[in-house]
Every structure is written in structure tokens, then in C-alpha cells.
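> need a 3D model of the sequence below.
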Amino acid sequence: KWLSDFRNERTPDLLEAAAAALSVGPKKLLFACSIGKSNVQSLQLGHSGSIPITVAFKVRTSNPHRYSCRPATRLLRPGTQQQVSVKLSAQCKLPADYEDCDDRFKVFFHPLDPLQVRCAWPQSNRGFENKAGPVL
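Numbers count the residues shown, from 1 in each chain. So this is what the prediction gives:
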């Protein structure tokens with residue numbers, strides 16, 4: 001089966017259970033903007049293991065020219081955690097929106113069946129770029 005076939009079989013209960021099993025912290029990232037220096041903050045994603053299903057995630061930002069996230073996509077197996085480094089690029093001058101910056105980060109997730117993990121993920125992660133589940 002293709003990824004889209006599995007996506008159609010998802011029930012809202014499974015998505016809600018996956019959302020409850022995931023944790024993201026901190027809820028707010030604060031960056032000190034210095035001219036000529038980059039700044040890195042960490043985002044911690046965790047899977048409590050309350051459901052025995054691997055979850056794929058993708059971190060996106062509202063301002064991709066200013067920030068980069070590594071790793072941006074990954075699998076979270078039950079009971080594991082993943083640290084995501086969010087880097088504010090070095091600025092040549094202070095941004096115009098420096099005082100009231102409203103940049104955002106979203107974590108998309110999608111629960112995976114064991115067959116999906118074995119068949120789809122090692123080959124490529126392209127299937128998750130536009131097929132993300134609900135936002136945390």
C-alpha cells in the first residue's frame with residue numbers, strides 16, 4: 001500500500017491518542033538578535049510511549065529565510081525523545097520587525113503503522129512533506 005492508502009485508514013481516535021502521547025517544549029523560543037552572530041535554541045520533542053505506534057514529525061517555521069531547523073523531519077518511536085536545533089541566521093542589520101516579531105514554529109505529526117515504517121521511511125521522507133497530520 002502507498003502512504004495515502006494508510007492515511008485514509010486513520011481514525012480520529014488514533015490521531016488524538018498520538019497527539020496526547022507527544023510533548024513539545026519549551027512552548028516559546030526566545031532568541032537574542034545580534035548583528036553578525038547566529039543564535040541556536042533547542043526544541044525537545046518526546047513520545048511518552050502511551051501508544052505503541054511510531055510517529056513521524058516535521059518542524060516548519062513561518063519565516064524559513066531567517067530560521068533553520070535540524071532535524072526538520074524524523075521518526076519518534078514510543079518512549080524516545082528528539083532534540084531539534086532551531087538556528088536564527090546571522091543578521092547583517094536588525095530586522096524591521098525586531099521589536100514585535102511574531103515568527104512561529106509548527107510541529108506536524110502523523111502516526112505510522114509498522115508496515116509504513118519498514119517500507120516507506122528508509123527509502124525517502126518525501127511522502128511526509130505535504131501529508132502532515134494535525135498540528136501540535
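
> what are the buried residues along stretch 44-52?
45, 46, 47, 51 (16 or more other C-beta atoms under 10 Å). The C-beta positions use only the backbone N, C-alpha and C, and glycine is treated the same way.

> from those, which is closest to residue 82?
Distance to residue 82 across the buried residues of stretch 44-52 (C-beta to C-beta) is lowest for residue 45, with 4.8 Å.

> could you point out the helix or strand that follows the longest helix seen in the chain?
For the chain, the helix that runs over the most residues, judged by DSSP state H, is helix 12-21. From helix 12-21 onward toward the C-terminus, using DSSP states H and E, the following helix or strand is strand 22-25.

> list the contacts for residue 27?
Taking C-beta atoms under 8 Å, 6 or more residues apart in numbering as the definition of contact, residue 27 has no neighbours.

> find the helix or strand that the residue of the chain most remote from its centre is a member of.
Going by C-alpha atoms, centre = their mean, the residue of the chain most distant from its centre is residue 93, 28.8 Å out. Mapping residue 93 onto the secondary structure by DSSP H and E places it in no helix or strand at all.
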